[in-house]
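Engineer: let's see this in three dimensions:
(2 chains, ligands or ions: 1)
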Amino acid sequence: MNNLERISEALQKGEAEKITELVRLALTEQRSPEEILDNGLIEGMNIIGVKFKEHEIFLPEVLMAARAMYAGLDVLNPLLAQTGVKKIGKVVLGTVKGDLHDIGKNLVKMMLEGTGFEVFDLGVDVSADKFIAAVREHQPDIVAMSALLTTTMVFMSEVINSLQSADLRKKVKVIIGGAPVTQHYADQIGADCYSPDAATAAEDAKRLIKYS
Amino acid sequence: MVRVTFLPNNENIEIANGDSLWETILKAGIRPNSICGGKGICGRCKVLLKEGITEPTVQETELLSPEEIKKGIRLACQTRLYNNCTVEILPENRTGLQDIFPLNRVDNAKDFKSSFWLDANVEKIFLTVDKPSLLDQRSDWGRIKEALVRKKEKNLNYLQTPLPLLKKLPVLLREADFIVTVVICNGKITALEKGDTADKVFGMAFDLGTTTVAGYLIDLKTGKEVSALSKTNSQISYGDNIISRIDFTQNKENGLAILQKEIINTINELINETIQNTGISRDNIYEITIAANTCIHHLFLGIIPIYLASSPFLAAFNRGLSLKAKEIPALYLSPETNIYMLPTISAFIGSDVLAGILFNGMNDREEITLLIDLGTNGEVILSKNGELWACSTAAGPAFEGIGISCGMRAVEGAIDRVKLSKNTINRHVIGNGNPKGICGSGIIDLVSDMLRIGLIDKSGRLMTKKECPSGISEQIKNRLDIKSGENIFLLVKENETEEGKEIYLSQKDIREIQVAKAAIASGIKILLREAALETKDIGELFLAGSFGNFINIENAIKIDLLPNISLKRISLVGNAAGKGAELALCSRRIREIGEGIYKDVKYVELSTHPNFSKEFMETISF
Ligand code: B1M
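Structural biologist: This is a model prediction of the structure:
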């Protein structure tokens, strides 16, 4: 097993301290930060994503893995910035107005970051205006919305309409998800994509920006 | 016009072309299953079309299997009818709108002796009124008052008499030959009855739940419970959870009026059945008390509930409310019957919870007590020396068997008890017939035993056959299987029942259980922390609600649903809300206590609580 494989493995086990060490070690082996990111951290998060999707592992394990990933990123990020390596895309993410559920949304964030996206997390109870302002400010590729209540999922449509009126709809792809949301609802309100779980959301995001 | 024939009774209904089958079914008085209330989201309102089969809609292809679609199964809420059709709604697709159920009765009189005194708001006094003559020309009312003073030996000047009564007075008094019984309620004379009816003083207490409504008839002279019945809340077809119902009032024209009518109908049916069973007269029910969750409380009163469910979550009012039956449309009680609505605490903590606090006397216990009502929304109340904290934690319906592959409610055919060891498996089925699925109490047993023998690990992962720990017999090991790529545990194998129905628990089901139990456990932990307490400080734990009464508590503790305290300190209190409503009916003192404490209960909002996610992640493993 080489050190990149070890990084991926340590990440899956959620061993944050070991990851910091292993990333430093890999750097001394003259591996590029990009390579460590792609074949170590992201590779590990991908496997976590698949296992989570198949219900083999659950929230605490994903959380631990994400913590380990962030430990690795802490070492890599300054170097990546120096070498001018860009994130694969930008996402503006939030739970819609009136809704305060954020456990699922936070998972989506981890998975997106674990896939190489830069995520601007607007938190919970995010109004259409706030989404629009964030889109103007960060110019993301994707707007991602989460809703857990049947009473709040309607606000997803409000955000899409606001994007339209602000002439921003064509500039972004819209992904929606959360327990009451369905593919049919996505079609109905004109979202580009419905993702059933956090790992799929990350895969879908990649597909939508045509990154492979 | 389109003709719809319902099987098996061959009843016909004519509807307009293009009408929805969902609404037709509701009109026919049939209650299909539904979580979403007819929005095409939950896929539960399945019907079998035998004739006039429609093209499947997008939702139907998403929510039904290809086999089902081929068989003619459709979703009622998605089906619009343009041709005559024949429909069958299989029993499993109807809600458990069971017939009225008798409840276990308790003798309240006993409880009263120990802790409260009977002090009802209704009093009846039998009077022999002096007959008038030219020598005694006091007014009709004047002589009644004097007879009252004589009997009660106190000044009753404060008593008011409403005009409707005065209108009847002269004739009634003479018809009764001046022998009457006076009814006093809320300090007012509310009725005058012919003859001596003083021993017929009844009241009813109601607990209006999202799923079930219970009605108790109480003899107000003794405090004795005469009858106890329950019935499914017929609002249930408009969504089995509160959010869907609130949604309905928001998005459907007349939605509020429809839901108000449904809850009143349910209450009326309970009243009618009670009257029929006991032979007492409707006119001898003088007062009813109502405990309910805040949403049903609002719906009963015809108050729009939409602001309960969106941030910042507000009720229209919380205080206790007295009103007359005539103010509620089509309530089958005599118009002057008093209705007392117990105070609510917050948008998510209703008067049902307050009633539970009163019933368990939590307001004046020195010991630290915890009340848990396990349901789709778990309510948790903590008391410490009279100080009270409350929170409502959304668990979801997993423990009701909803969202679980082979899950079902605790009705006939449900496996409600499981005992699993390394070598054997035992199951108990409600009604002792063929098992049709597994309900919450069975799921808790199963998960707990699987954890114990190592078929599920601490993280909630279900073992494959390969990973099965040693020492497990072949016959148990063989129950570990894979279905559509997912690990499952076969509780009932195909060849173990006549119908060949497999019943299993999947890895995903276990995840659903983990989420539900973590939500409850986190609520409990946060509340304890707010009061600077720990689990070991709990002196007594009251477990309320029907579900709480059926589960194996030891197993519920093993899966970390309930706090780990000695079983001796846990009491099952049954329908504490109904019992609390009875107390409020029997005792004005209790009402005063309720009015005194509802504002002081510290409601802890979990949605914005900084520690919720952390606690949730910590309690989600086993
Ligand atoms: C952008 O693209 C995407 C793509 C995929 C996306 C995505 C976005 N967002 C999510 N996904 C997907 O990926 C994730 C994982 O792969 C998944 O995310 P989930 O969020 O589904 O899954 C999480 C990882 C774990 N699951 C969860 O976090 C939700 C679990 C349950 C139990 C739940 C919880 C924990 C809570 N709740 Co709430 N809660 C329930 C839930 C019932 C249940 N059993 O599911 C639900 C959602 N709650 C409900 C309710 C009613 C409420 N809750 C409320 C409050 C709470 C708590 C505070 C107690 C807590 C939330 C804490 C928090 N910080 O998030 C209230 C509302 C607050 C508000 N305005 O938001 C309150 C109104 C009730 C109350 N008593 O206060 C119900 C909604 C019913 C309905 N018809 O809409 C509910 C189904 C439970 C029930 N009673 O039936 C996918 O959906």
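Engineer: now for the closest residue to residue A:37 other than its chain neighbours: which residues touch it?
Structural biologist: Residue nearest to residue A:37 in three dimensions, not counting chain neighbours: residue A:76, with 5.7 Å by CB to CB, 6 or more residues apart in numbering or on different chains. To be clear about C-beta, it is placed using only N, CA and C from the backbone, and glycine gets the same treatment. Residue A:76 makes contact with A:23, A:33, A:36-37, A:41, according to CB atoms under 8 Å, 6 or more residues apart in numbering or on different chains.
Engineer: you'd agree residue A:76 is in a helix?
Structural biologist: Yes. Assigned with DSSP: H, G, I helix; E, B strand; the rest coil, residue A:76 falls within a helix.
Engineer: model confidence for it, exactly?
Structural biologist: At residue A:76, the model reports a pLDDT of 94.
Engineer: ramachandran angles for residue B:591?
Structural biologist: Note on residue B:591: its backbone torsions stand at phi -60, psi -40 [degrees, to the nearest 10].
Engineer: where's it relative to residue B:268, distance?
Structural biologist: 25 Å (CB to CB, to the nearest Å).
Engineer: for those two, indicate the residue with more neighbours.
Structural biologist: residue B:591 (22 against 14; other CB atoms under 10 Å in any protein chain shown).
Engineer: hey, which helix or strand in chain B has the poorest pLDDT?
Structural biologist: helix B:108-115 (a mean of 47; mean pLDDT, DSSP states H and E).
Engineer: now whichever helix or strand comes after that helix - C-alpha only, PDB.
Structural biologist: Toward the C-terminal end, the helix or strand that comes next after helix B:108-115 (DSSP states H and E) is strand B:122-128. Taking Å, rounded to 0.1, in the frame of the first residue of the first chain, the C-alpha atoms of strand B:122-128 are listed here in PDB:
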ATOM      1  CA  VAL B 122     -71.200  21.400  37.800                       C
ATOM      2  CA  GLU B 123     -73.600  21.100  40.700                       C
ATOM      3  CA  LYS B 124     -77.200  19.900  40.700                       C
ATOM      4  CA  ILE B 125     -79.600  20.800  43.500                       C
ATOM      5  CA  PHE B 126     -83.000  19.300  44.000                       C
ATOM      6  CA  LEU B 127     -85.600  21.800  45.100                       C
ATOM      7  CA  THR B 128     -89.200  21.600  46.400                       C
END
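Engineer: residue contacts, the spatially most central residue of chain A?
Structural biologist: The centre of chain A sits closest to residue A:112, judged by CA atoms, centre = their mean, with a distance of 1.6 Å. Residue A:112 makes contact with A:91, A:93, A:119, A:144, A:201-202, A:205 under the criterion CB under 8 Å, 6+ apart.
Engineer: tell me which of those fall in strands.
Structural biologist: Under the assignment DSSP state E, the contacts of residue A:112 contribute A:91, A:93, A:119, A:144 to strands.
Engineer: and the gap between the last one and residue B:520?
Structural biologist: By that I understand residue A:144. 29 Å.
Engineer: which residues in the stretch 1-150 of chain B form helices?
Structural biologist: B:21-27, B:58-63, B:66-71, B:108-115, B:140-152 (DSSP state H, counting those that start in this stretch).
Engineer: among the ones you listed, which is the most enclosed?
Structural biologist: Mean neighbour count (mean count of other CB atoms under 10 Å in any protein chain shown) peaks for helix B:21-27 among the helices of the stretch 1-150 of chain B, with a mean of 20.
Engineer: tell me how far that helix lies from the chain's centre.
Structural biologist: Relative to its chain's centre, helix B:21-27 lies at 24 Å (CA atoms, centre = their mean, to the nearest Å).
Engineer: dump the helices of the stretch 1-150 of chain B to a markdown table, plus distance to the ligand.
Structural biologist: Formatted as a markdown table, these follow (distance: least, CB to the nearest ligand atom, whole Å):
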| stretch | distance to the ligand |
| --- | --- |
| helix B:21-27 | 18 |
| helix B:58-63 | 16 |
| helix B:66-71 | 24 |
| helix B:108-115 | 30 |
| helix B:140-152 | 48 |
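Engineer: how many residues are close by the residue in the stretch 451-600 of chain B that chain A sits nearest to?
Structural biologist: Per CB to the nearest CB, residue B:507 is where the stretch 451-600 of chain B lies closest to chain A, at 4.4 Å. Neighbour count for residue B:507, taken as other CB under 10 Å: 21.
Engineer: that one against residue A:58, yeah?
Structural biologist: No. Taking contacts as CB atoms under 8 Å, residue B:507 lies outside contact range of residue A:58: 9.5 Å.
Engineer: overlap of the contact sets of these two?
Structural biologist: Taking CB under 8 Å, 6+ apart as the criterion, residue B:507 and residue A:58 both touch residue B:461.
Engineer: how near is residue B:462 to residue B:493?
Structural biologist: In terms of CB to CB, residue B:462 sits 17 Å off from residue B:493.
Engineer: these two - which one has more neighbours?
Structural biologist: residue B:462 (24 against 15).
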